[in-house]
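> Give me a 3D structure for the following:
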Amino acid sequence: MRVIFCDRVFEHKLIEPDYEDERKAAIGAGFKTSLFSFEDLTDGKVGRALRYVENAEVEELAIYRGWMLTPSSYGLLYDGLLNKNLKLINTPAEFKYCHYLPEYYPKIKALTPKSNWTVGQEMTKFEVINSLTDEFGNAPIIVKDYVKSEKHNWHEACFIPDASNKDNVKKIVERFIELRGSALNEGLVFRKFEQLEFLTKHSKSGMPLTKEYRLFFVFGKLVKLFNYWDEGDYGDTILDLTPFIEVAKAIDSNFLTMDIAKKTNDDWIIMELGDGQTAGLPDNANKEEFYMKMNKNIRQHV
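As a prediction, the model looks like this:
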C-alpha cells in the first residue's frame, strides 16, 4: 500500500512540511510513500508531476494525502498513477461524490440541515437566489459553495441572520463570491443555520466554535474520531455513533470524512462529508494511531 504526498514546491524530493509528520506516521504503520508535484499536476503536467513516483510491479492500492484538488485534477492524478500500477482508493466519480454537497446530500438529508443550491450560471441570478432563500422564511442561513464556506469571514461572507432580508442576502452573497474568487466551487449552497453547542470564539477570527467532530471511514469502517477544533473544552462527551456509521456504509466512497456537530437541544447532525484523501487531520490528532488503524482496516477489507 502506498501513500502519495505532495512535495515541496522547489525541492521535489522533499515532502511538503505540513505533511512531514503524517509521512513518518504512515511509514511507521507499514505504508510505502511517494512524493509528487501538486503544482505540476494542477498545471496539467501529469508526467512531470509524477516523475519521482516509482512504478509498482503489480497493482497496488494508493491513498493520496494532500491539498484540495478539483475533480478534474483528481482525475488526472488517478489516471497518471494507474499508468504506474497504483490505484487510488477512490475513483474520480467517488471523489466527486464526496467532494460536492449536492452529490451526497440525498444520502444524509435526514441528518443534516435543510439545504438547496444553484446550478450552472444561476449563482449570478438574484431572482434564483431569492427563490432559494425564500424557502427558509426568516430563519438564519449560511452561504457556501459546493465544497467550502468563508466561515473565518463569518459575519461578512457566511452567516445571514434573516433569509427574508434580501438586501443583506445580496450583500453577503456578493462578498462571498468576491472572497472565493477563482477558487469558488461550482455554485452557491444555502443551508439552514442550526444552533450548535458553543465551545469558544476562534482566537484569530472571532467566529463561534461549536462542538464538532471529524470522523474518518475506510471501506465503511470507522477509523478514528477527532475533535474538530483545537480550541475549546470538549469535556467528556458521550455520543451514539450508530446512525452515522450506518450512513457511512451507504456512501459511495471507500475513504471519506464525516463532520458531525451537537445542537443546543442535544441532537447530533451531519455538517458535511469529504473525501478522506484531502481532509485535514486536526492538530490534536494522534497521527501514528490514525495510520495504524487505517492500515488495519484496509488489510481486513482486502
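
> what about Asp233, neighbour count?
Neighbourhood size, Asp233 [other C-beta atoms under 10 Å]: 7. In this view, the C-beta of every residue, glycine as well, is placed from N, C-alpha and C.

> check contacts around Ser164.
133-134, 137-138 (C-beta atoms under 8 Å, 6 or more residues apart in numbering).

> switch the cut-off to 10 Å
130, 133-134, 136-139 (C-beta atoms under 10 Å, 6 or more residues apart in numbering).

> just Glu186 next, same as before
Residues near Glu186 by C-beta under 10 Å, 6+ apart: 70-71, 99-102, 117-120, 123, 145-147.

> Buried subset of those residues, written for PyMOL?
A single PyMOL command selects the buried members of the contacts of Glu186 (16 or more other C-beta atoms under 10 Å):
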select buried, resi 70+71+99+100+101+117+118+123+145+146+147
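
> Make a markdown table out of the contacts of Glu186 and add pLDDT and distance to Phe255.
Output for the contacts of Glu186, formatted as a markdown table (pLDDT from 0 to 100; distance: C-beta to C-beta, whole Å):
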| residue | pLDDT | distance to Phe255 |
| --- | --- | --- |
| Thr70 | 93 | 18 |
| Pro71 | 95 | 15 |
| His99 | 92 | 12 |
| Tyr100 | 95 | 16 |
| Leu101 | 96 | 18 |
| Pro102 | 96 | 20 |
| Trp117 | 98 | 25 |
| Thr118 | 97 | 29 |
| Val119 | 95 | 28 |
| Gly120 | 90 | 29 |
| Met123 | 90 | 30 |
| Asp145 | 96 | 22 |
| Tyr146 | 96 | 19 |
| Val147 | 93 | 17 |
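
> List only buried entries from the contacts of Ser164.
133, 136, 139.

> rewinding a little: helices - which of the contacts of Ser164 land there?
If you go by DSSP state H, the contacts of Ser164 have 130, 133-134 in helices.

> nearest to Tyr291, of the residues you listed?
Thr133 (43.0 Å; C-beta to C-beta).

> Distance-wise, check Gly120 relative to Leu188.
11 Å (C-beta to C-beta, to the nearest Å).
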